[in-house]
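**Q** I would like the atomic coordinates for the input below:
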Amino acid sequence: MSGEDGTSKERSVRLIFRQLESIRDVMMDSLTKNYVPFPIDRSLCSAWTDTLRKGGETIIYTSFMYQLSSLFRAYEKHLSTFARMGGSTRLASLGKFLIKPDRDDLRRGYRILSNISALLLKNGIDHGYLYDDEPYSGGLLLELGMLDQFWDYGSRVLKLMKDHGVRSVITVDPHTTNAMNRLKDHFGADIEVHNYLTLIQKYSGNGKFVFHDPCLYSRYDTIGDRIREIAGEAGVEFIEGRMITSRDLGTCCGGPLGPVNMDLSDSIAKYRAEKLLSVSQNVMVACPLCYQNLKPYVSSMKDVAEVIM
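**A** Modelled structure (predicted):
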């Protein structure tokens, strides 16, 4: 390695660490103050429903994932700027005014959450919602390896749930499901965590898709298998490709790399999209972040909750 190449790589590594420090500072400042991952208009997060009761022992827990998935991507694009300019917390605070979630994606997120809630009610699963008192799970802290911050913040999430009398949360995405299960196990918390896909028994659907397994569903639990079971029973056909969609050979959408290297994240997403589209032009996902990362390269894509009713 030449001295010049070494210096260039050292600069790149330093920039990555500054970006990670930036997202840590931005998130912890916002989470500590408002239980949200970035400075946002909280009313956008709860506007998808006004019919569910507030609170109760069993709640649907969105953790803002479907509402703010486009905002996560938008903030990722600005992290390098925050890192270069310093004062990331102060700069990021302007994001509430300058960085907005995509309106079409926001409306789509509302529809998906409404569909999930209706599906739960169809199955006789009564549930409330915390509305503007709902906290973010802290999943991004966990996935970026910021464990001290995750445990510290997570203890506050569990306390908030307890203070609201919540005994059971119904999660709607893989990142929140993973974060809450990790918190429950780490603290021995007296709270049940159920992903909605594990609870439903009555559903219908149609269509033919290639399914992109979220890594957290395929690597750490069997919800990917459950989705295939539901799809088959509902009348939805999944087209499988042994080298593309199997649990052991399916690849990531690239989303987790976004905060560190957007270019690499996008190249992985493009590669994954090309592989999926070689099986079918119709792609199904089960994660709002997978949807955002694959969206630029896939023209026909739906979430499982847009297909299973």
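**Q** switch to C-alpha atoms for all contacts and neighbour counts from now on
**A** OK.
**Q** quick one, domains of the protein?
**A** Per the record, the chain has its domains at 3-198, 208-307, by automatic domain parsing.
**Q** how about residues contacting stretch 55-67?
**A** For stretch 55-67, contacts defined as C-alpha atoms under 8 Å, 6 or more residues apart in numbering pick out 44-45, 105-106, 109-110, 112-113, 117, 126-130, 134-137, 164-173, 176, 288-289.
**Q** and those residues, which are buried?
**A** 45, 105-106, 109-110, 112-113, 117, 126-130, 134-137, 166-173, 176, 288-289 (16 or more other C-alpha atoms under 10 Å).
**Q** re earlier: what about the contacts of stretch 55-67, which are in strands?
**A** Within the contacts of stretch 55-67, residues falling in strands by DSSP state E are 168-171.
**Q** can you put those residues in TSV and add distance to Ile223 and pLDDT?
**A** Listed next are those as TSV, based on distance: C-alpha to C-alpha, whole Å; pLDDT from 0 to 100:
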residue	distance to Ile223	pLDDT
Ser168	18	98
Val169	17	98
Ile170	14	98
Thr171	12	98
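**Q** output those residues as CSV; include the columns distance to Thr49.
**A** Shown next, in CSV, are the ones in strands among the contacts of stretch 55-67 (distance: C-alpha to C-alpha, whole Å):
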residue, distance to Thr49
Ser168, 20
Val169, 17
Ile170, 16
Thr171, 16
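**Q** of all those, which comes closest to Met27?
**A** Thr171 (21.3 Å; C-alpha to C-alpha).
**Q** where does Met284 sit, in terms of helix or strand?
**A** strand 283-285 (DSSP states H and E).
**Q** could you do Leu121 as well?
**A** For Leu121, the host element (DSSP H and E) is helix 103-122.
**Q** just checking, what packs against that helix?
**A** helix 65-85, helix 304-307 (3 or more C-alpha pairs under 8 Å, 6 or more residues apart in numbering; DSSP states H and E).
**Q** now with 6 Å, please.
**A** Here helix 103-122 touches helix 65-85, going by 3 or more C-alpha pairs under 6 Å, 6 or more residues apart in numbering; DSSP states H and E.
**Q** give the contact list for the residue lying closest to Gly258 once chain neighbours are set aside.
**A** Distances taken as C-alpha to C-alpha, 6 or more residues apart in numbering put Ser265 closest to Gly258, at 5.3 Å, once the chain neighbours are dropped. Shown in contact with Ser265 (C-alpha atoms under 6 Å, 6 or more residues apart in numbering): 254-255, 257-258.
**Q** out of these, who has the most neighbours?
**A** Within those, most neighbours by other C-alpha atoms under 10 Å means Gly254, with 23 neighbours.
**Q** how much space between it and Asp266?
**A** Distance, Gly254 to Asp266, by C-alpha to C-alpha, to the nearest Å: 7 Å.
**Q** three-state assignment of Val13?
**A** helix (DSSP: H, G, I helix; E, B strand; the rest coil).
**Q** okay, now it: neighbour count?
**A** Val13: 13 surrounding residues under other C-alpha under 10 Å.
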